[in-house]
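Colleague: fold the following and give me the result.
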Amino acid sequence: MSISVKNITKIYGAQKALDDVSFVIKAGEVVGLLGPNGAGKSTMMKIITCFIPPTSGEVTVSGFDIFEESLEVRKKVGYLPENNPLYLELYVREYLEFIAGIYKVADKASRIREMIEITGLGNEQGKKIGQLSKGYRQRVGLAQAMIHNPEVLILDEPTSGLDPNQLLDIRQLIKNIGKEKTVMLSTHIMQEVEAVCDRAIIIDKGRIVADDSTANLSDKSSGVNIIRVEFNKPPEENLLREIQGVSSIKKNSDTLFEITSEGDIEIREAIFNFAVKNGLSVLSLQKSTRGIEEVFQQLTRNS
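Modeller: Alright, predicted model coming up:
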């Protein structure tokens, strides 16, 4: 296992930031850590990366214990904090040489060239970091996190403050990195989780409230199914409402409707039968699944 977290609790004075948190992330997974502000996401990441100790519990990274073998853990982990700490007066290449030296990278020149290519910093490598846009500073942060070729990447809000084009670039970069490494990232952007992550862990008030694949989480609703259907001509709405299992109908146009059913009732076949019986044709029919954002709101709305 790349990351194993067992019964982690972190207490600051009277506040319990993390409360008996446990999860395992396997090698090669890209996992999103989600939660409202103050839920404990950054605290969890700081514990995994040995920046702060937990009050109780156990964490291992690539088999190394964060208490007994913290230096080995740091060798295995690349970390990009939310507040990307860069030396703004250094040039990009100069900064990467400095970080490579800290990690005692064997072939610094070759590795720096590789990181500049991977992160798309070729045209910016001769500039001071302070002259770069937020997007390119994030690329520098990713380059320093990967310079020592870690097995695990921990990224705290890696796309915070980026414009739409920069956001897409960084997302694609993270997806490419995830093909070879274990990646754990926190974010407030739910579309980012659906686009990048294989799995999502939702944390609220210091406790895990959901842990599943992004596909399964999208399907975990409050028992409500929505069918969007378009007919070739207007149906009799009162007859449409009489279909067994229909709980409500929203009319978008004379021929386009959103039909809601409760629980596990499957009404698509009944809609087709209704159309045939009433001399209608179904032009389109689509089952709408809830996105992760809706599930997130449902699980954390009391925060």
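Colleague: tally up the residues packed near residue 132, please.
Modeller: Neighbour count of residue 132, defined by other Cβ atoms under 10 Å: 18. Any C-beta I mention is one placed from the backbone N, CA and C, and that applies to glycine too.
Colleague: ugh, typo on my part, it should be residue 242
Modeller: By other Cβ under 10 Å, 10 other residues sit near residue 242.
Colleague: from residue 266, how far out is it?
Modeller: Counting by Cβ to Cβ, to the nearest Å, the gap from residue 242 to residue 266 is 17 Å.
Colleague: do the same with residue 249
Modeller: In this view, residue 249 and residue 266 are 17 Å apart by Cβ to Cβ.
Colleague: more neighbours: which of the two?
Modeller: Using other Cβ under 10 Å as the criterion, residue 249 and residue 266 rank with residue 249 on top: 15 against 12.
Colleague: my guess is the more buried one meets residue 257, correct?
Modeller: Yes - the criterion here is Cβ atoms under 8 Å, and residue 249 meets it with residue 257 at 5.7 Å.
Colleague: OK, contacts around residue 121?
Modeller: 92, 115, 136, 139, 140, 143 (Cβ atoms under 8 Å, 6 or more residues apart in numbering).
Colleague: can you do 10 Å?
Modeller: Going by Cβ atoms under 10 Å, 6 or more residues apart in numbering, residue 121 touches 92, 93, 96, 112, 115, 127, 132, 136, 139, 140, 142, 143.
Colleague: now secondary structure, distance to residue 298 and pLDDT too, for those, in JSON lines please.
Modeller: Below are the contacts of residue 121 laid out as JSON lines (DSSP: H, G, I helix; E, B strand; the rest coil; distance: Cβ to Cβ, whole Å; pLDDT from 0 to 100):
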{"residue": "92", "secondary structure": "helix", "distance to residue 298": "43", "pLDDT": "96"}
{"residue": "93", "secondary structure": "helix", "distance to residue 298": "47", "pLDDT": "95"}
{"residue": "96", "secondary structure": "helix", "distance to residue 298": "43", "pLDDT": "96"}
{"residue": "112", "secondary structure": "helix", "distance to residue 298": "46", "pLDDT": "95"}
{"residue": "115", "secondary structure": "helix", "distance to residue 298": "40", "pLDDT": "91"}
{"residue": "127", "secondary structure": "coil", "distance to residue 298": "45", "pLDDT": "96"}
{"residue": "132", "secondary structure": "coil", "distance to residue 298": "39", "pLDDT": "94"}
{"residue": "136", "secondary structure": "helix", "distance to residue 298": "37", "pLDDT": "91"}
{"residue": "139", "secondary structure": "helix", "distance to residue 298": "35", "pLDDT": "90"}
{"residue": "140", "secondary structure": "helix", "distance to residue 298": "38", "pLDDT": "94"}
{"residue": "142", "secondary structure": "helix", "distance to residue 298": "32", "pLDDT": "90"}
{"residue": "143", "secondary structure": "helix", "distance to residue 298": "38", "pLDDT": "93"}
